[in-house]
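K.L.:
The sequence and its predicted three-dimensional model are supplied below.
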Amino acid sequence: MSWRDRLAELGIELPPVATPAGSYVPAVRTGSLVYTAGQVPVVNGVVAATGKVGAEVSPEEGQRLARVCALNALAAVDGLVGIDSVVRVVKVVGFVASAEGFTGQPAVINGASDLFAEVFGEQGKHARSAVGVAELPLGVPVEVELIVEVG
Amino acid sequence: MSWRDRLAELGIELPPVATPAGSYVPAVRTGSLVYTAGQVPVVNGVVAATGKVGAEVSPEEGQRLARVCALNALAAVDGLVGIDSVVRVVKVVGFVASAEGFTGQPAVINGASDLFAEVFGEQGKHARSAVGVAELPLGVPVEVELIVEVG
Amino acid sequence: MSWRDRLAELGIELPPVATPAGSYVPAVRTGSLVYTAGQVPVVNGVVAATGKVGAEVSPEEGQRLARVCALNALAAVDGLVGIDSVVRVVKVVGFVASAEGFTGQPAVINGASDLFAEVFGEQGKHARSAVGVAELPLGVPVEVELIVEVG
């Protein structure tokens, strides 16, 4: 089954590629790797939530927003090379705007990682870093960047 | 036109390669990729500014400093493989030491991205993440790291 | 001398591969690169320290913890491809949970970089970024991620 069929089977529709917030592009291919820009939880061009996880934003809501970031990352890959060219997910970095004392970044970024597992199965397994940052662009609670191998 | 000629045409002179602040090197090549170390706004060995963007440092000044980081990153690439071997800019990560509530990281890091666009044109277009961190080495307001493809 | 012999000569024993804190794997290979997950200072499954560097944790202790992260990163590489396949260390990113005003991230992350130099010599020299973040998973003071080239 192609990844596109798999997405359809899961009832997942990739969003339109998010407009970059600065002087850059959504994704770049070099050799067999595609690097995405850091993706924020924008839905239809509108920021889905602002605030820090552990304060205005609950960890559960953070997790849901990380999934939105991950969908935007897949859209960026799809827009550049087509989702069916993905060989595997290589690396995820998740930045969580964190209130003082909030240390549950891994569970938040699982919202992204679990999506990749759902779609790509074994080939969705990736290395990952999750860190708690002070502030994120536009005040969003989560930002996710992605490296995939393509064939 | 070579990139070196292009720099000359723009009146841009690459600075000497900045001395690493720790036990590492300014740049490493692996295959067709060059990874630079995180570059800070050091000019002639002296930190150009300290403080957080949104407090002691204005966003405009942050943007100017991000351009200095980007020049240092290009110097690191040039020192390792020669600027003319650059095929394209792949990825930029920009860390902005951010005062509470400052969410304008994208505009700050545009200072770096716009330099790459100016020098490399279409081949300067890159994927990018910009995040707001708590503190940066030596108290600088901005740090930029770079991946370029070389031929 | 193989890297494994070199480790033995130095009296360094690689720890068991740390269990990921979320839905990801310790390391992934793509082409000739291995990316590790962000490694935290876990020893025998237990977090070795919590707190922020510059407050509860001294810079010296932070440096020691960065070395623990680096050992865990090498264990992740070894577990995936065997340490002897390492050609060189390419890139290190070090995240330091930093108290307000702490700007000594480079010295902290030297704890990781120096280990790579000790083990791999010239081939241990890497590009590096060190940044001060607001919070880290499980409250740890340091997180280190690694890219190595393998043959």
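P.N.:
Received it, and whenever you're ready, just let me know what you need. Residues are numbered from 1 along each chain as shown, chains lettered A, B, ... in the order given.

K.L.:
Where does the prediction get shaky in chain A?
P.N.:
Of all residues in chain A, none has pLDDT under 70.

K.L.:
so does the longest strand along chain A get close to chain C?
P.N.:
In chain A, taking DSSP state E as the definition, the longest strand is strand A:86-97. Yes - among the residues of strand A:86-97, A:88, A:90-92 lie within reach of chain C under C-beta under 8 Å from any C-beta of the partner chain. C-beta: built from backbone N, CA, C; applies to glycine.

K.L.:
ditto for stretch A:107-124
P.N.:
Yes - counting by C-beta under 8 Å from any C-beta, chain C is contacted by stretch A:107-124 at A:107, A:109-110, A:113-114, A:117.

K.L.:
Who are the contact partners of residue A:53?
P.N.:
Listed by C-beta atoms under 8 Å, 6 or more residues apart in numbering or on different chains, the contact set of residue A:53 reads A:59, A:61-62, A:96-99, A:102, A:104-105, A:108, A:141-142.

K.L.:
So which of these sit within strands?
P.N.:
Per DSSP E, the contacts of residue A:53 map to strands at A:96-97, A:142.

K.L.:
My guess is residue A:97 contacts residue A:140. True?
P.N.:
Yes - shown here, residue A:97 and residue A:140 form a contact pair, counting by C-beta atoms under 8 Å, at 6.9 Å.

K.L.:
Give me the more crowded residue out of these two.
P.N.:
For residue A:97 versus residue A:140, the count of surrounding residues by other C-beta atoms under 10 Å in any protein chain shown is larger for residue A:97: 31 against 26.

K.L.:
got the phi/psi numbers for residue A:66?
P.N.:
Residue A:66 adopts backbone torsions of phi -60, psi -30, taken as degrees, to the nearest 10.

K.L.:
Any idea how many residues pack against it?
P.N.:
Residues lying near residue A:66 (other C-beta under 10 Å) number 31.

K.L.:
Then the one 4 residues further on?
P.N.:
Using other C-beta under 10 Å, residue A:70 has 28 other residues around it.

K.L.:
Helix, strand, or coil at the residue nearest to it when sequence neighbours are not counted?
P.N.:
Nearest in space to residue A:70, with sequence neighbours left out and distances taken as C-beta to C-beta, 6 or more residues apart in numbering or on different chains, is residue A:112 at 3.7 Å. Here residue A:112 is recorded as helix under DSSP: H, G, I helix; E, B strand; the rest coil.

K.L.:
Contact partners for residue A:112?
P.N.:
By C-beta under 8 Å, 6+ apart, the residues touching residue A:112 are A:66-67, A:69-70, A:73, A:92, A:94, A:144.

K.L.:
Recalculate using a threshold of 6 Å.
P.N.:
A:66, A:69-70, A:92, A:144 (C-beta atoms under 6 Å, 6 or more residues apart in numbering or on different chains).

K.L.:
Would you check how far apart residue A:108 and residue B:34 are?
P.N.:
Distance of residue A:108 to residue B:34, computed by C-beta to C-beta, to the nearest Å: 32 Å.

K.L.:
Look at these two and report which has more neighbours.
P.N.:
The residue with more neighbours, out of residue A:108 and residue B:34, is residue A:108; 32 against 24, by other C-beta under 10 Å.

K.L.:
Now the more buried one. Nearest residue, chain neighbours left out?
P.N.:
Looking at residue A:108 with C-beta to C-beta, 6+ apart, the closest residue is residue A:62, at 4.0 Å.

K.L.:
OK, contacts around the one you found?
P.N.:
Counting by C-beta under 6 Å, 6+ apart, residue A:62 touches A:53, A:108, A:141-142.
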